[in-house]
Structure formats: structure tokens, C-alpha cells
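Engineer: Next input, structure requested:
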Amino acid sequence: MRRLEIENAEATRLALQQEIARTEEARYDHRLHSLLLISQGFSCSDAAAMFGDSVRTVENWVRRFQQNGLAGLHEGERPGRPPKLDDAIRGQLERDLRCDPPNLGYDQNLWDGKLLSFHLQKAYGITIGVRQCQRLFHEFGFRLRKPRPVLAKADPQAQAEYKKN
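Structural biologist: Modelled structure (predicted):
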């Protein structure tokens, strides 16, 4: 019988690995398959090479399985990086953003990422980049407003006349 081959194998392999990483259940099944190979006599490095994992990762799965059984293959909590802003500071910051910047002692009339970053450093001692501050505006439900430029020596009557035409 002729051996079957998958067209564009490299792209397919990457797509399959992304699909495995997508859900916790698929990652669990992936660990089971690795351990199944090891139980059949394959080495950790062989199993890692077959599935595109690091050897150390597969070794950790084997140790966790030996210590805790199948429960050791389930993912634990993935807490991630702790936030710099706790709930109390977030609440106060949202109240600050509802005030005009001049009321808090700033020269600008509108909030922007740079001013918010400066305000967080000055008021709370927290350093957050401008881009992250822009994300905070989005999280709080604020939208970006830009002041319209006013020409210094413009004649308002001539402008109104121009708009009519």
C-alpha cells in the first residue's frame, strides 16, 4: 500500500500545534499522547521531537504523572502577571479621569496617554507606559477626543460666511 502524505506538511504541522494549544482539553490530550509514547518505550527526547515540544517539558509531564497520576497532567491555575493597578486605585483613577485635567492641576484641557502616565506616576507612584494608558482609557469606556485647532488671527465672520458657501 502506498504511503499517504500531507501536502504542505510544515504549514499543517503549525496549524495542528496551534489547535492543540487553543483549548485546555486539547493540551491535556496532547500530554496523554506523549506519555503513551513514553510508556511504549520511546524516550522523552523522541516524544518531544515527534510533537514539537521541548525535552524538559515532556520530562516535567512524566514527573507530574508519576507524582499525581492523571490529575497531574491537568493544567493548574495560570495567574499571569499581577496588575499594577488594584481595584481601589482603578476606582480612584476612573474618578480622576472624569474630572478635567486643569481641576487636578494640569495645564492640558484633555486627557491623553502621556498625561495619564504622568498622573499615575505623580499621584500614585505607579509607572505605566503611554500605550498601556491608552488601553486603560478603552477599558474605562472613554474615547479619544482631540481639540480642534483654532486659527490665531481668523475672522469668525469670514469663517461663518465661508461655511455658508
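
Engineer: Not counting the helix of greatest length in the chain itself, show me its contacts.
Structural biologist: Criterion DSSP state H: the longest helix present in the chain is helix 24-39. Helix 24-39 is contacted by residues 19-21, 44, 46-48, 50-51, 53, 58, 61-62, 65, 73-75 when judged by Cβ atoms under 8 Å, 6 or more residues apart in numbering. Just so you know, the C-beta spots here come from the backbone N, C-alpha and C atoms, and that holds for glycine as well.

Engineer: ChimeraX command to pick out the buried ones of the residues you listed?
Structural biologist: Selecting only the buried entries of the contacts of helix 24-39 in ChimeraX, with 16 or more other Cβ atoms under 10 Å as the criterion:
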select :20,44,47,48,51,53,58,61,62,65,73
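
Engineer: Just the ones in helices from the contacts of helix 24-39, please.
Structural biologist: Using DSSP H, those in helices are 19-21, 44, 46-48, 50-51, 58, 61-62, 65.

Engineer: Adding distance to residue 161 as columns, could you present the residues you listed in CSV?
Structural biologist: Rendered in CSV, the data for those read as follows (distance: Cβ to Cβ, whole Å):
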residue, distance to residue 161
19, 64
20, 68
21, 64
44, 82
46, 83
47, 80
48, 77
50, 78
51, 74
58, 78
61, 77
62, 82
65, 82
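
Engineer: how much distance is there from the least confident helix or strand in the chain by mean pLDDT to the middle of the chain?
Structural biologist: Using mean pLDDT, DSSP states H and E, helix 156-164 stands out as the lowest-scoring helix or strand of the chain, at a mean of 77. Its chain's average C-alpha position is 48 Å from that of helix 156-164, according to Cα atoms, centre = their mean, to the nearest Å.

Engineer: Please save the CA atoms from it in CSV.
Structural biologist: Extracted as CSV, the C-alpha positions of helix 156-164 are listed here (Å, rounded to 0.1, in the frame of the first residue of the first chain):
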residue,chain,number,x,y,z
PRO,A,156,-15.1,84.4,12.8
GLN,A,157,-17.5,86.3,10.5
ALA,A,158,-15.4,85.4,7.4
GLN,A,159,-15.4,81.8,8.5
ALA,A,160,-19.1,81.7,9.0
GLU,A,161,-19.6,83.2,5.5
TYR,A,162,-17.2,80.6,4.0
LYS,A,163,-19.2,77.8,5.6
LYS,A,164,-22.4,79.0,4.1
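
Engineer: Thank you, goodbye.
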